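Engineer: sharing a sequence plus its predicted fold:
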Amino acid sequence: MTEITVTIQDGEKETFAAGTTATDALRALVSNKQRKQTVAVLYNGTPVDLSCPLQEDGILAPITLKSEQGLEILRHSTAHAMAQAVKELYGEDVKVAIGPAIEDGFYYDFDRDTPFTPEDFAAIEAKMAEIAKSRQPVERLEMSRDEAIAFFSEKGEPYKVELLEDMDEERVSLYRQGAFVDLCRGPHIPDTSWLKVFKMLRVAGSYWRGDEHRQMLTRLYGTAFTDKKELKKYLNRLEEAKKRDHRKLGKQLGLFTISDEIGPGLILWKPRGSMLRKLIEDYWKDEHYRHDYQLLYTPHIARQDLWKTSGHLDFYGENMYSAMDIDEVQYQLKPMNCPFHIEVYNSNKHSYRELPIRWCELGTVYRYERTGALHGLMRVRGFTQDDAHIFCRPDQLEDEIFNIIDLNLHILKTFGFDQYDVYLSTRPEKYVGSDEHWDLSTEALKRAMDKKGLAYEIDPGEGVFYGPKIDIKIKDQLGRSWQCSTIQVDFNLPERFEMSYTGEDGAGHQPIMIHRALMGSLERFIGILIEHYAGSFPLWMAPEQARILNITDDQAEYCLDIYAQLRKAGVRIDKDLRNEKLNYKIREAQLMKAPYMLIIGDREKADGTVTVRKKNGENLPPMTPQAFADMVEKECAEAMAV
RNA sequence: GCCCACGUAACUCAGUGGUAGAGUACCUCCUUGGUAAGGAGGAAGUCACCGGUUCAAGUCCGGUCGUGGGCUCCA
């Protein structure tokens, strides 16, 4: 009999007969306590089941439920159990498609004539609990691909057959628990008793293989955890996200509204939302001025010919609003700002000495989005890009990219985002421009990021056809990521619009164009800010910085004086002089997330002061209105100078 | 666009075939109260819209529009 040596990470090793299972090896090598938590193992780096017979020397690493990987296995197994429950309950009219573990849970796609509804959850969960209780072994079967195809054809599972037909592997693995057999790479839990804490969450439609021309399936989402507390924590997090939902807060705080009368995906900013937006826009403009940009304003609409020249009609036409006929000339709403900036550039000749030219605009664009895609402020049909276009010489590219990244991170930080993931997308299969240009600019992007000390991942082949790009995804307070910033090099438009500058040699040269947006869309960015801050904005962004509350009518006149004085001093101040109790007014101001309340009673009136209550309930010593204005100004200046 | 769910007062929601409800907000009156809801009264809805079934429809059926969860796409 052959012997093998199994080593665990801390170096301990043991010799076994070949074919010893991972479980038996673990029994000899790790503590009972750890073994009970072990759901599968990594053997020489490959994840395998506990029941896997070890055939060669190797390094054994337990995968415990405490690890990401262990949890993923548990969730994947829970998906199988859910499919098993569904098959047992609804039998032959259900065909199974795919069921992977995903972030925070799992799903399984089914094909059934009458789709599932949330009312089916209780029955399915009960059946899953039964399956868990009956401790059914989860057994791995290996067979040839052809055998598997025959097996699933016979079972009447066309989706599994299709998956198998598209596979390259000659041998495949199946997992069986009870009468349920699924095509799966594994590994899985050893038996169904490992399923303890799980919950079905929602149902949704999804296309087979994400292709809208194919069968619509019903997707059941669920999640699983190792203990009840974790599940509860997760459900609380969902609650928290719900509380922060910008659509809900937008309504509560009176920031924006969307009206059927106007149309879906079109935002109406209410006074408080408009103030918030103005503050963001002012900050953005000031910061761009400081960084040597020039501001442009361009129209919302242009002749169709422009969109032919730019290529948008060909490449982006489906997302553009239909043309309108004006004096027999076709016009279309702009989906992007770039051609306008190019036309500004082309309105006169340029020398190499002028470059780089940096033009920025808060440009409102309109794009047709399918109704199903619309979502609050996050996905709309009319939105404002914080756009900029930089026209430069090849030798300036790297510095320009560096400066853009620098400004980008600076602005994001001021808004409270200092965690992000950065991606560099390189040349795709279909592209325009020379290889030399692509290499030059891809290298420039890399060097600029290195110089900034920015860690990034490369997305090979994910660049746009016209040039490589950098995308920055920010992380919000709840750890969710949002792609906002994008920096794209473009070799296409300068060519199409025959842009040029006169070089040192007196000849015409083509400038390199960089498109970039930091916030992406103002609407969406504000949506993200609302959720990030849960509506409780930092002082510099708060639409209402302070609210004056009088205690009785006797101080009303004094309050009006202070109100006028603070408005003149530039404080965003409101007043609540209604005949209500102080508690009542404090509660309302608190719900509207006013950073400060100025409480005015007879004492303040007599002393010519205000009592400042912070939103955390803490009181500051009485101060004069001017001292308060100075304090607000100082606090804002500090926040904006990050 | 597709699948499922939902659409009742300004807001949050109850109402499963028989006279449209509650809380909050709003208006009036009383109350003038020092750090998260004082009291009383009043007004307010073409039950999203269009059509059908029924003696009778907020409720059942069909369509349209909108919203939500997803699929797809992306800022």
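Structural biologist: Received it, and whenever you're ready, just let me know what you need. Nothing here was measured: the structure is a model prediction, and the numbers come from that model. Residues are numbered from 1 along each chain as shown, chains lettered A, B, ... in the order given.

Engineer: so the residue in the stretch 51-200 of chain A that RNA strand B sits nearest to, which of the three states?
Structural biologist: At 4.0 Å from RNA strand B, A:Pro115 is the closest residue in the stretch 51-200 of chain A, using Cβ to the nearest atom of the strand. Using the backbone N, CA and C atoms, a C-beta is placed for each residue, glycine as well. The three-state label given to A:Pro115 by DSSP: H, G, I helix; E, B strand; the rest coil is coil.

Engineer: burial count for the nearest residue in space to it that is not next to it in sequence?
Structural biologist: With sequence-adjacent residues excluded and distances taken as Cβ to Cβ, 6 or more residues apart in numbering, A:Pro115 is closest to A:Thr218, at 4.2 Å. By other Cβ atoms under 10 Å, 21 other residues sit near A:Thr218.

Engineer: do the same with A:His350
Structural biologist: So A:His350, with other Cβ under 10 Å, has 17 neighbours.

Engineer: again, but for A:Leu529
Structural biologist: 22.

Engineer: okay, the one residue in the stretch 301-450 of chain A that gets nearest to RNA strand B: pLDDT?
Structural biologist: The minimum distance from the stretch 301-450 of chain A to RNA strand B, using Cβ to the nearest atom of the strand, falls at A:Gly372 (2.0 Å). With respect to pLDDT, A:Gly372 has a value of 85.

Engineer: who does the helix or strand containing the residue nearest to A:Pro115 pair up with?
Structural biologist: Per DSSP states H and E: A:Thr218 is located in strand A:216-225. When sheet partners are counted by DSSP bridges, strand A:216-225 sits next to strand A:105-111 (antiparallel), strand A:197-207 (antiparallel).

Engineer: nearest to A:Ser134, of those?
Structural biologist: strand A:197-207 (15.3 Å; Cβ to Cβ).

Engineer: need the strands paired with strand A:216-225 in JSON lines with mean neighbour count and distance to A:Tyr596, can you?
Structural biologist: Compiled in JSON lines, the strands paired with strand A:216-225 are given as follows (neighbours: other Cβ atoms under 10 Å; distance: least, Cβ to Cβ, whole Å):
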{"stretch": "strand A:105-111", "mean neighbour count": "23", "distance to A:Tyr596": "42"}
{"stretch": "strand A:197-207", "mean neighbour count": "16", "distance to A:Tyr596": "40"}
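
Engineer: let's have those in a markdown table, adding distance to RNA strand B.
Structural biologist: Shown next, in a markdown table, are the strands paired with strand A:216-225 (distance: least, Cβ to the nearest atom of the strand, whole Å):
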| stretch | distance to RNA strand B |
| --- | --- |
| strand A:105-111 | 8 |
| strand A:197-207 | 2 |
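
Engineer: CSV for these, including mean pLDDT?
Structural biologist: Output for those, formatted as CSV (pLDDT from 0 to 100):
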stretch, mean pLDDT
strand A:105-111, 93
strand A:197-207, 90
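
Engineer: nearest to A:Val432, out of those?
Structural biologist: Going by Cβ to Cβ, the one of these nearest A:Val432 is strand A:197-207, 31.4 Å.

Engineer: which residues in the stretch 451-600 of chain A form strands?
Structural biologist: Counting by DSSP state E, counting those that start in this stretch, the stretch 451-600 of chain A has strands at residues A:457-459, A:469-475, A:481-490, A:501-502, A:508-509, A:512-521, A:546-550, A:573-576, A:596-600.

Engineer: can I get stretch A:91-101 as PDB, trimmed to CA atoms?
Structural biologist: Output in PDB follows, covering the C-alpha atoms of stretch A:91-101 (Å, rounded to 0.1, in the frame of the first residue of the first chain):
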ATOM      1  CA  GLY A  91     -41.600  18.500  -8.200                       C
ATOM      2  CA  GLU A  92     -41.600  18.000 -11.900                       C
ATOM      3  CA  ASP A  93     -42.800  21.400 -13.100                       C
ATOM      4  CA  VAL A  94     -39.600  23.000 -11.700                       C
ATOM      5  CA  LYS A  95     -36.400  23.000 -13.700                       C
ATOM      6  CA  VAL A  96     -33.300  24.100 -11.900                       C
ATOM      7  CA  ALA A  97     -30.800  26.500 -13.500                       C
ATOM      8  CA  ILE A  98     -27.900  27.800 -11.500                       C
ATOM      9  CA  GLY A  99     -27.400  28.600  -7.800                       C
ATOM     10  CA  PRO A 100     -24.200  30.200  -6.600                       C
ATOM     11  CA  ALA A 101     -23.100  31.800  -3.400                       C
END
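
Engineer: in that stretch, what's buried?
Structural biologist: Using 16 or more other Cβ atoms under 10 Å as the test for burial, stretch A:91-101 gives A:Val94, A:Lys95, A:Val96, A:Ala97, A:Ile98, A:Gly99, A:Ala101.
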